[in-house]
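> One predicted model, sequence on top.
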Amino acid sequence: MAASETHYTLPLPTFKAPVKLLIVVAPYYKDITDQLVAGAQGVAAACGATAEVIVVPGALEVPSAIALAERMAQFDGYVALGCVIRGETTHYDTVCNDSSRAITMLGLQGAAIGNGILTVENRGQAEVRAEVAGQNKGGGAAAAALHLIALSRKWATDTKGIGFRS
Ligand SMILES: Nc1c(NC[C@H](O)[C@H](O)[C@H](O)CO)[nH]c(=O)[nH]c1=O
Ligand SMILES: CC(=O)[C@@H](O)COP(=O)(O)O
């Protein structure tokens with residue numbers, strides 16, 4: 001049995017105040033990412049969140065778009081979606097490692113981000129993971145972002161305005 005079939009999934013969070021998500025998708029393999037977007041939109045809707053979708057050329061541009069949105073827009077969290085399939089060169093490693101590391105760094109700086117950028121060896125692996133009726137990794141990424149948003153709101157109310165410690 002694949003490891004992904006045995007992991008625990010947290011119940012989706014609930015929210016009193018509206019939640020605005022930004023889905024940033026790199027449709028390098030559009031048929032694959034369309035499924036990721038559909039999965040993310042489904043989870044957002046299940047939590048009563050709105051989800052705006054923007055498109056960037058590739059996985060390497062996803063963290064930059066999130067960084068721009070953090071500075072210039074007003075979203076509660078982000079869903080990073082894309083599909084990276086290994087080719088003939090080491091560029092695969094650059095795209096995977098640099099996009100995921102940049103997303104992690106943005107998260108460590110306080111952005112609520114779920115990472116649904118698939119990094120796979122072949123198209124078959126991507127299809128199974130992207131399909132909403134399959135492993136629904138897009139939905140999982142949206143759920144991750146929503147959990148982080150719920151956490152930040154919990155602490156914002158629990159700390160009664162202490163806010164971020166510097
Ligand atoms: N090979 C894949 C890419 N490569 C493109 C890069 O992400 C980037 O857009 C380019 O290097 C210009 O900066 N992107 C994917 O999303 N998926 C791939 O398989
Ligand atoms: C993952 C990639 O960047 C890939 O599309 C590049 O393919 P190649 O390594 O064959 O140039």
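Cool, the structure landed. Residues are numbered from 1 along each chain as shown. Ligands and ions are numbered 1, 2, ... in the order given.

> Could you use CA atoms for every contact and neighbour count after this?
Will do.

> measure stretch 124-135 end to end?
Taking C-alpha to C-alpha, to the nearest Å, stretch 124-135 runs 13 Å from one end to the other.

> do that stretch and ligand 2 meet?
No - using C-alpha under 6 Å from any ligand atom, stretch 124-135 stays clear of ligand 2, with a minimum separation of 12.8 Å.

> Give me the buried positions along that stretch.
126-127, 129-132, 135 (16 or more other C-alpha atoms under 10 Å).

> would you turn these into TSV with secondary structure and pLDDT?
Below are the buried residues of stretch 124-135 laid out as TSV (DSSP: H, G, I helix; E, B strand; the rest coil; pLDDT from 0 to 100):
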residue	secondary structure	pLDDT
A126	helix	98
E127	helix	98
R129	helix	98
A130	helix	98
E131	coil	98
V132	coil	98
Q135	coil	97
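
> May I see those residues organised as a markdown table, with distance to E61 added?
Output for the buried residues of stretch 124-135, formatted as a markdown table (distance: C-alpha to C-alpha, whole Å):
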| residue | distance to E61 |
| --- | --- |
| A126 | 20 |
| E127 | 22 |
| R129 | 22 |
| A130 | 20 |
| E131 | 23 |
| V132 | 24 |
| Q135 | 25 |
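
> Thanks a lot, see you next time.
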